[in-house]
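**Q** have a look at this prediction, sequence included:
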Amino acid sequence: MTVSAVVPQSGALSAAELERMCTDAEVLEQDAHGLKVLRLPDGDMLKLFRVKRRWSSARLWPYSKRFCRNAARLTRLGIPTVSVLAWYQL
């Protein structure tokens, strides 16, 4: 699936669904705040974004949307990058 010029359709993801997705996933990166990147059993990657401060520009322009938008821009420029399959909100 290729990335379109806009952010993919978002969906709500419950804590239980996230836990189910992460079962048997390989942790590729984490920090003091928790998990960051996981490789799911089917080979897809799951990237988690967190807002670490109460007041942040990320509340207005979420890091996840920026990530999707930047991936789309790279694709349009012909630069190999990730394909965003879905965008979820917790």
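**A** Nice, I can see it.

**Q** show me what the longest helix along the chain is packed up against.
**A** What stands out as the longest helix in the chain, according to DSSP state H, is helix 63-76. Using 3 or more C-beta pairs under 8 Å, 6 or more residues apart in numbering; DSSP states H and E, the elements in contact with helix 63-76 are strand 87-89. From N, CA and C alone the C-beta is placed, and that goes for glycine too.

**Q** now the strand it packs on: how far from the chain's centre is it?
**A** 7 Å (C-alpha atoms, centre = their mean, to the nearest Å).

**Q** direction included, what does it pair against?
**A** Next to strand 87-89 in the sheet, as set by DSSP bridges, lie strand 10-12 (parallel).

**Q** so where's this structure uncertain?
**A** Low-confidence segments of the chain (pLDDT under 70): 1-10, 53, 58-59.

**Q** so where do the strands sit in it?
**A** 10-12, 26-31, 34-39, 45-47, 87-89 (DSSP state E).

**Q** pull out the buried residues from the longest helix of the chain.
**A** Neighbour counts over helix 63-76 (16 or more other C-beta atoms under 10 Å) mark 64-65, 67-69, 71-72, 75 as buried.
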